[in-house]
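**Q** Build me a model:
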Amino acid sequence: MANKQNSKKSNSIKNSKEPHLLDSSTFSSDNLNNFGEFQFNSDKTPNNVLKFSNDNRTVEWLKPYEASWIPIPTKSKLHSGKWFLEFNVEAMKSGQIGVGFLLDWNLGPDWGFFGYLGASQTAWSYDPSTGDIVSGTDSIHGNLPKFNGDSGVIGLELNLPSRKEIGKFTFIIDGVRTPTKELPNSGAVVIPAVCLLSQGQKVTIRNLTRLD
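**A** As a prediction, this is how the structure comes out:
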């Protein structure tokens, strides 16, 4: 009887609509081979303010906008392996900027109360103007490399095991590695994203590579 009750409880959790982080170890064979599209999601951004080019892999803030920042997710959903990609920040305009990723939930990614990249506990942003990794609105590691000028390249290494192992990530700033950090859950599904904070800022995502 106890085993049946435990089984029913497990099934009810799996079928629950309560918010939960996606776990790639539970994916079907079809979803295991689905990593989305490596391009920005232009449907999730304000019209006529941003310019998308380069097969939607480059985004630029062109026109004035009432918001202080514009979060821009990609259509990628990376999981079940080791990945590398780059954010080529072509123009920072002497302002703060955020590049990084969010973890995917069954209800979609959590941008946090303030709605910028790094505002929630399941999003991480690197700001090359200050040299900080930001999560949950706080700097979780500071005094890291900054850009020497208005542009630079931020690499992102992701180690995302599909089994019951905790994933890890590392930001690489103009070739300099920062300390590796752990993710909060196993089987993580990652959505790369950027957050522009000044008009004129421009970022290109490039060189997505699976390393295993």
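
**Q** Low-confidence bits of this protein, can you list those?
**A** Applying pLDDT under 70 to the chain picks out residues 1-16.

**Q** which SS class is the spatially most central residue of the chain?
**A** Nearest residue to the geometric centre of the chain (Cα atoms, centre = their mean): F101, 1.1 Å. Secondary structure of F101, reduced to three states by DSSP: H, G, I helix; E, B strand; the rest coil: strand.

**Q** so it touches P192, yeah?
**A** Yes: between F101 and P192 a contact is recorded at 4.9 Å, counting by Cβ atoms under 8 Å. Using the backbone N, CA and C atoms, a C-beta is placed for each residue, glycine as well.

**Q** Now for those two: what residues contact both?
**A** Contact criterion Cβ atoms under 8 Å, 6 or more residues apart in numbering; residues bridging F101 and P192 by contacting each: L156.

**Q** just how off-centre is whichever helix or strand V203 is part of within its chain?
**A** Per DSSP states H and E: V203 is located in strand 202-210. Between the centre of strand 202-210 and the centre of its host chain there is 12 Å, according to Cα atoms, centre = their mean, to the nearest Å.

**Q** What pairs with that strand, parallel or antiparallel?
**A** strand 58-61 (antiparallel), strand 81-91 (antiparallel) (DSSP bridges).

**Q** Could you dump these into JSON lines and include mean neighbour count?
**A** Formatted as JSON lines, these follow (neighbours: other Cβ atoms under 10 Å):
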{"stretch": "strand 58-61", "mean neighbour count": "22"}
{"stretch": "strand 81-91", "mean neighbour count": "18"}
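
**Q** and of these, who's closest to S28?
**A** Of all those, strand 81-91 sits nearest to S28, with 16.9 Å by Cβ to Cβ.

**Q** Next, count neighbours for G108.
**A** Applying other Cβ atoms under 10 Å, we find 12 residues neighbouring G108.

**Q** my guess is it is in a strand, correct?
**A** No: membership of G108 in a strand is not supported by three-state DSSP, which gives coil.

**Q** got the buried residues for the strand holding V203?
**A** Within strand 202-210, the residues that count as buried by 16 or more other Cβ atoms under 10 Å are K202, V203, T204, I205, L208.
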